[in-house]
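Student: model this:
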Amino acid sequence: MISPQLEYQFAKDAYGQSVLALFSSLLYAADQPVERWMENVPELLEQISGDLSRLDELCQVSSFLMEESFYTAQMENVRFTLEKIKSAAEKENGTGVASLVRYQLKSFLLELQEEIYFWSYVYPQRERWNEYYKSEFAAHHKNEYIAQGRDVYEVSIFVPAKDKLEYTRQCVESILRETDGSKISYELILINHGSRDGTQEYFESIPGAKRLHFKENVRMMMFSTALRVCEGKYAVFVSNDTVLTKGWLELLLDCMRSDPDIVSVTPTTPNISNYQSIPESYRNMEEMARFAADFNRQDPSKWEQRVRIMPVIALYDIEKLNQIGFADRYFHTMEFWDDDFSLRARRAGYKQILCRDVFCHHYGSITGGEAQTKENTLQIGRKLFITKHGVDPWGNGAYYDYYICTQLKSIKLPAVQEAEILGVDCGFGDTPLQIANILRNNGIAAQIDSVTAQKQYSGDLKSISRTLLLADDERGLLGCLFKDLSERQYDYIYISRPLEQYVEWRELLDCLSDLLKPGGILMLHLSNALDITNFQWFSALAFPAGRERLNYLNPDVVEAHLKSRLGGVFRQQRRGWASKGLLNDMVKQVRVPWLPEEALASLMDTVGFQYFGTKGGLTE
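Tutor: Down below sits the predicted model:
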């Protein structure tokens, strides 16, 4: 397959043109047919080695490339690949040479080229980022098999492993055991990502698998490389600390094929955040397999559209990945790359689905957890995301409101076929989506409208909303409600920001009450300025980070106002995350003479209050 001619619009200087000329020569050699390789291995290896040496000399002048990137490690991976090709040729292993050249050498070279270009020409100059991500990013990482209509399989399953052989073995064996090749044509791609524990020898023992061998770990480049070598219509990323279960792939494919706008689907697993787990109980892997075999049954009512997905196992539509790009090397800590992908996917109009009708096992952070502790990768990745997108990945609406949604599930919902939802300042939008998921699970189709004064989230809300109204500030928000939505009526209204953040909170509640249908539900919450998190800051004589002010609304006053407007109100205390030991320690530090310790602990453990206001009376 001939390498595509790509545009590198920022590499117009002499250095850039020299680098691109060398890659043209390198990729031309990698594209030679296997017959020529077998006849001329020494000559081709000498040519490539010479080009790499000249390339390395050129690249020493790029400070960002030397300091920020994985250039050196990837150069070592390419040279290591040349040694493997030489060894295979000496053994007259034509199949081995062909596989190494076609998949490993070529993809490694393409990734090395992009690593040099991004860190030399894009990353150092912030003004180039928008154009790069708009015009070049997806094209430079495209899967050419799909782009040229040369897909061979229905699915490509790739498993990266960095050591942890005992977990990798369980994972691979579960794929081979639980994936029915007679029903679904698939290839298995095993990726040794710098392991030193026998992982490569184990991978070589698996017949029929495609293998990639990175001598050095290059983090995000692994994902891009994996996508390049997939010859399936769909790609599945499987973390090596997972165990697949009966029917997993058929069920994920059923969901993927149900809607042309779906870009990715993922099963539920334990030991994961983002509310992607389900209640489960098993003591060993045999019990887990029985649990999953009983649980895994197709049920479209359990398919949840989410604004973000944590993909320890995820099925992707490669054609759509070619449109928006997959993993971005900018997230060099490997944290928040999935948040970045989710943001780009939803802003492109694609859906990501959590399949709650599929369960697989996840041991949890077997590899990544070490880096989070030793290298502070989470905080570094979070800062990278904020720099790229201008919003906090943990900001408003990144996770659905667990308290509100849990309470909504316990309510007897009106017996209707369709419902209208209005989201107010819902940030990324996960809560209105989850409200719609809850309704769908009860046989109710839902439409979402959104209004916000937080314009930084407009691209996210647009992707989930029938109507999106943008305001400049709080007064503008009220104007949108009064003027633009005055003729509409809603079954469910949710305010995402804490009510105390609104100066005109009474006017806001009055306006939203008027927009409710009879029997409609208004959902909102207050924060507690005196919870344990804020107390910890105050005890250190500091103000909570990132906050300019803390407001406090009287929960009783809010409840009384809602009752006067709606007739029925249910108020619930929100409990926090603090352990009993931590609460006791803070109580001893604070020691308020006029407040009993038990009452002070309760105050600190109260993160806020939530309200369900029902127009015309309470719902059962």
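Student: ranges for the strands of the stretch 401-550 of the chain?
Tutor: 418-424, 445-452, 467-470, 490-495, 516-527 (DSSP state E, counting those that start in this stretch).
Student: dump the residue contacts of Leu315.
Tutor: Taking Cβ atoms under 8 Å, 6 or more residues apart in numbering, we find Leu315 in contact with 155, 234-236, 249, 252-253, 256, 264-266. (Glycine included, C-beta is placed from N, CA and C.)
Student: most tightly surrounded among the strands of the stretch 401-550 of the chain?
Tutor: Comparing the strands of the stretch 401-550 of the chain by mean neighbour count (mean count of other Cβ atoms under 10 Å), strand 490-495 ranks first with a mean of 25.
Student: For Thr533, report the pLDDT, please.
Tutor: For Thr533, the model assigns a pLDDT of 75.
Student: Separate out the buried members of the contacts of Leu315.
Tutor: Buried residues within the contacts of Leu315, counting neighbours by 16 or more other Cβ atoms under 10 Å: 155, 234-236, 249, 252-253, 256, 264-266.
Student: mind putting these in a markdown table, distance to Ser24, secondary structure and pLDDT included?
Tutor: Shown next, in a markdown table, are the buried ones among the contacts of Leu315 (distance: Cβ to Cβ, whole Å; DSSP: H, G, I helix; E, B strand; the rest coil; pLDDT from 0 to 100):
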| residue | distance to Ser24 | secondary structure | pLDDT |
| --- | --- | --- | --- |
| Val155 | 33 | strand | 99 |
| Tyr234 | 32 | strand | 99 |
| Ala235 | 28 | strand | 99 |
| Val236 | 33 | strand | 99 |
| Leu249 | 39 | helix | 99 |
| Leu252 | 40 | helix | 99 |
| Leu253 | 39 | helix | 99 |
| Met256 | 37 | helix | 99 |
| Ser264 | 34 | strand | 99 |
| Val265 | 39 | strand | 99 |
| Thr266 | 39 | strand | 99 |
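Student: Out of those residues, which is nearest to Asn441?
Tutor: Among these, Val265 lies closest to Asn441 (Cβ to Cβ), at 16.8 Å.
Student: partners of the closest one in the sheet?
Tutor: Leu315, Ile353 (DSSP bridges).
Student: And the helices in the stretch 351-500 of the chain?
Tutor: 368-375, 377-389, 402-409, 430-441, 458-462, 474-479 (DSSP state H, counting those that start in this stretch).
Student: With respect to burial, which of these scores highest?
Tutor: helix 430-441 (a mean of 23).
Student: what's the average pLDDT for that one?
Tutor: Rounded mean pLDDT across helix 430-441 is 97.
Student: contacting residues for the residue nearest to Arg356 when sequence neighbours are not counted?
Tutor: Excluding the flanking residues, the one nearest Arg356 by Cβ to Cβ, 6 or more residues apart in numbering is Lys302, at 3.9 Å. By Cβ under 8 Å, 6+ apart, the contact list for Lys302 reads 355-357, 441.
Student: ditto for Asn528
Tutor: Residues in contact with Asn528 (Cβ under 8 Å, 6+ apart) are 552, 574, 603, 606-609.
Student: Select only the buried ones of those residues in PyMOL?
Tutor: Per 16+ other Cβ under 10 Å, the buried members of the contacts of Asn528 correspond to this PyMOL selection:
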select buried, resi 574+603+606+607+608+609
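Student: Now, the contacts of Asn528 that are in strands?
Tutor: Mapping those onto strands (DSSP state E) picks out 574, 606-609.
Student: Could you list the domains of this protein?
Tutor: Under the assignment automatic domain parsing, the domains of the chain span 14-140, 144-388, 402-615.
Student: Mean neighbour count, those domains: which tops it?
Tutor: domain 144-388 (a mean of 19).
Student: okay, the helices of the stretch 351-500 of the chain in CSV with distance to Glu418 next?
Tutor: Shown next, in CSV, are the helices of the stretch 351-500 of the chain (distance: least, Cβ to Cβ, whole Å):
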stretch, distance to Glu418
helix 368-375, 42
helix 377-389, 34
helix 402-409, 17
helix 430-441, 9
helix 458-462, 21
helix 474-479, 26
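Student: Tell me which of these sits nearest to Gly546.
Tutor: Nearest of the helices of the stretch 351-500 of the chain (Cβ to Cβ): helix 377-389, 11.2 Å.
Student: Convert the C-alpha atoms of that closest one to PDB, please.
Tutor: The C-alpha coordinates for helix 377-389 follow below in PDB (Å, rounded to 0.1, in the frame of the first residue of the first chain):
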ATOM      1  CA  THR A 377       0.300  12.500  35.200                       C
ATOM      2  CA  LEU A 378      -3.300  13.300  36.100                       C
ATOM      3  CA  GLN A 379      -2.600  16.900  37.000                       C
ATOM      4  CA  ILE A 380      -0.200  17.400  34.000                       C
ATOM      5  CA  GLY A 381      -2.800  15.900  31.700                       C
ATOM      6  CA  ARG A 382      -5.600  18.100  33.100                       C
ATOM      7  CA  LYS A 383      -3.500  21.200  32.500                       C
ATOM      8  CA  LEU A 384      -2.800  20.100  28.900                       C
ATOM      9  CA  PHE A 385      -6.500  19.700  28.300                       C
ATOM     10  CA  ILE A 386      -7.300  23.200  29.700                       C
ATOM     11  CA  THR A 387      -4.600  24.700  27.500                       C
ATOM     12  CA  LYS A 388      -5.800  23.000  24.400                       C
ATOM     13  CA  HIS A 389      -9.600  23.500  24.800                       C
END
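Student: quick revisit: between the ones in strands among the contacts of Asn528, which is nearest Pro518?
Tutor: Distances from Pro518 to the ones in strands among the contacts of Asn528, taken by Cβ to Cβ, are shortest for Phe609, at 25.3 Å.
Student: Could you list the alpha-carbon positions for the helix or strand Glu83 falls within in PDB?
Tutor: Assigned by DSSP states H and E, Glu83 belongs to helix 71-90. In PDB, the C-alpha atoms belonging to helix 71-90 read as follows (Å, rounded to 0.1, in the frame of the first residue of the first chain):
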ATOM      1  CA  TYR A  71      11.500  11.300  19.300                       C
ATOM      2  CA  THR A  72      14.500   9.500  20.700                       C
ATOM      3  CA  ALA A  73      12.500   6.500  21.900                       C
ATOM      4  CA  GLN A  74      10.700   6.200  18.600                       C
ATOM      5  CA  MET A  75      14.000   6.500  16.600                       C
ATOM      6  CA  GLU A  76      15.300   3.600  18.800                       C
ATOM      7  CA  ASN A  77      12.100   1.600  17.900                       C
ATOM      8  CA  VAL A  78      12.700   2.100  14.200                       C
ATOM      9  CA  ARG A  79      16.300   1.000  14.400                       C
ATOM     10  CA  PHE A  80      15.200  -2.000  16.500                       C
ATOM     11  CA  THR A  81      12.700  -2.900  13.800                       C
ATOM     12  CA  LEU A  82      15.500  -2.900  11.200                       C
ATOM     13  CA  GLU A  83      17.400  -5.400  13.300                       C
ATOM     14  CA  LYS A  84      14.400  -7.600  13.500                       C
ATOM     15  CA  ILE A  85      14.000  -7.400   9.700                       C
ATOM     16  CA  LYS A  86      17.600  -8.400   9.200                       C
ATOM     17  CA  SER A  87      17.200 -11.300  11.600                       C
ATOM     18  CA  ALA A  88      14.100 -12.500   9.800                       C
ATOM     19  CA  ALA A  89      15.800 -12.300   6.400                       C
ATOM     20  CA  GLU A  90      18.800 -14.300   7.600                       C
END
